[in-house]
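1. missing the sequence, but the structure's below:
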Ligand SMILES: NC(=O)c1ccc[n+]([C@@H]2O[C@H](COP(=O)([O-])OP(=O)(O)OC[C@H]3O[C@@H](n4cnc5c(N)ncnc54)[C@H](O)[C@@H]3O)[C@@H](O)[C@H]2O)c1
């Protein structure tokens, strides 16, 4: 039986649908039979998975717009009348947030409020799933995985803007309750996402892909940094469970959920690179280690996902090695034959979800 039957035929609006995760979301939701609508700025990279995999063809409607513009958002909600919203649109890069802190807060914090307000004003909307990040926690360098009730914080503007979005979401839930509007807002806090089709700046795997295809040295910021690496399909699985829960009427007001890797030895950037390079290329690659950014990014960051595992029965199926293998496959394919990326994307989705 196809999983997520409740989402079949349902109108779902995805913000940030032209991005890396958004494009995977469009294909996945389309493949399980949802009616997908998108609202986003144009694809943030070139090349872009959205274009290479012709993701526009999965959509009922495709709106190019800015979430900092409430009128454009509300017009899109009026046209598409979604029952569910998956809010992914964001400025998601830590280094970019240092270059443009105000723009990052506008998009990530004010933009999230604009999405919630447009949803509130649309009677058909049954609930929203907002994607923040594992970086929302106040990280004092504790070497323990964070749980959902830990205090929020975030030193860099990206993390702080997402933590601020969570504060806004929490108070918006109170507004909805006071108004008698039943519209749960679930929040997913995920770790560093890997998977084919990401060409963002300043991310380790896209940087590696560029270094391999150009033959130039790879610059690595923090070789020792430990992150909860996750395959994009593992996270999307979590997001779908939350959408499904809302569609079934099982969500109350909504709450936060950590989605991190299975409990096994966390791996560092250096270890991730080792696994990736052994599967990807036989050509030796020059690696330049730049320690200078260390104070800007936390060295150790892990989250505890026990709550999602026990209450949502969520579990990631592809772990470190398998997740990197599938990711390397996508990049190798798209380096040689970009048209194959759509085929591989659909095949990975079918395989992961046993469609
Ligand atoms: N990639 C990761 O490792 C990671 C980890 C944790 C959380 N996240 C979160 O997941 C979500 C998706 O991340 P991604 O890696 O796919 O990012 P991405 O940069 O690939 O995609 C972001 C999308 O948002 C859109 N966007 C940006 N600003 C916008 C605006 N003002 N109005 C409308 N659309 C706008 C872009 O056009 C794009 O479609 C983000 O909320 C991000 O913070 C990502």
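-> Yep, that arrived. Predicted model, so just to flag it, every value in this text is computed and none were measured.
2. contacts, neighbours, all on C-alpha from now
-> Will do.
3. pLDDT below threshold where in the stretch 1-150 of the chain?
-> Confidence mapping of the stretch 1-150 of the chain against pLDDT under 70 gives the ranges 1-2.
4. could you pull out the helices in it for me?
-> Ranges of helices in the stretch 1-150 of the chain, per DSSP state H, counting those that start in this stretch, are 20-31, 49-52, 70-80, 94-99, 101-105, 111-120.
5. to residue 239, which of those lies closest?
-> Comparison of those against residue 239 by Cα to Cα identifies helix 20-31 as nearest, at 9.3 Å.
6. contacts for that closest one, please.
-> 14-17, 35-36, 48-50, 55, 58-59, 88, 197-199, 232-233, 236, 345-346, 349 (Cα atoms under 8 Å, 6 or more residues apart in numbering).
7. ok, and of those, which contact the ligand?
-> Contacts with the ligand within the contacts of helix 20-31, counted by Cα under 6 Å from any ligand atom: 16-17, 88.
8. from those, which is closest to the ligand?
-> Distance to the ligand across these (Cα to the nearest ligand atom) is lowest for residue 16, with 3.5 Å.
9. does that closest one touch residue 44 like I think?
-> No: between residue 16 and residue 44 there is no contact under Cα atoms under 8 Å: 9.5 Å.
10. more crowded one of these two?
-> Taking other Cα atoms under 10 Å, residue 16 and residue 44 do not tie; residue 16 has more neighbours (28 against 18).
11. picking up where we left off before, distance to residue 162 and mean neighbour count added to the helices of the stretch 1-150 of the chain, as a markdown table?
-> Output for those, formatted as a markdown table (distance: least, Cα to Cα, whole Å; neighbours: other Cα atoms under 10 Å):
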| stretch | distance to residue 162 | mean neighbour count |
| --- | --- | --- |
| helix 20-31 | 17 | 24 |
| helix 49-52 | 24 | 21 |
| helix 70-80 | 19 | 18 |
| helix 94-99 | 11 | 16 |
| helix 101-105 | 8 | 19 |
| helix 111-120 | 9 | 22 |
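12. can you redo these as a markdown table with distance to residue 173?
-> Formatted as a markdown table, those follow (distance: least, Cα to Cα, whole Å):
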| stretch | distance to residue 173 |
| --- | --- |
| helix 20-31 | 25 |
| helix 49-52 | 32 |
| helix 70-80 | 19 |
| helix 94-99 | 27 |
| helix 101-105 | 20 |
| helix 111-120 | 10 |
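13. so which of the contacts of helix 20-31 sit within strands?
-> 14-15, 35-36, 59 (DSSP state E).
14. widest-spaced pair of these?
-> Distance extremes for those: the farthest pair is 15 and 35 at 14.0 Å, using Cα to Cα.
15. the two - which one has more neighbours?
-> Neighbour totals were compared for residue 15 and residue 35, and residue 15 leads with 27 against 22 (other Cα under 10 Å).
16. hang on, the earlier thing: for the ones in strands among the contacts of helix 20-31, which one is nearest the ligand?
-> Of all these, residue 15 has the smallest distance to the ligand: 6.4 Å, by Cα to the nearest ligand atom.
17. partner residues bridging that closest one?
-> Under the criterion DSSP bridges, residue 15 forms beta bridges with residue 39, residue 87.
18. all numbers from here: first residue = 816
-> Got it, the first residue is 816 from now on, which makes the last one we talked about residue 830.
19. surely it and residue 897 touch.
-> No: using Cα under 8 Å, residue 830 is not in contact with residue 897; the gap is 11.7 Å.
20. surely residue 968 and residue 977 touch.
-> No: if you go by Cα under 8 Å, residue 968 and residue 977 don't touch, sitting 9.1 Å apart.
21. what is the neighbour count of the residue lying closest to residue 1033 once chain neighbours are set aside?
-> Once flanking residues are discounted, residue 1033 sits nearest to residue 1102: 4.8 Å by Cα to Cα, 6 or more residues apart in numbering. Neighbour count for residue 1102, taken as other Cα under 10 Å: 13.
22. pull the contacting residues for residue 1102.
-> Neighbours of residue 1102 in contact, by Cα under 8 Å, 6+ apart: 1032-1035.
23. which of those residues sit farthest apart?
-> 1032 and 1035 (9.6 Å).
24. near the ligand at all, the lengthiest helix in the chain?
-> In the chain, with assignment by DSSP state H, the single longest helix is helix 972-994. No: Helix 972-994 does not reach the ligand (Cα under 6 Å from any ligand atom); its nearest approach is 7.5 Å.
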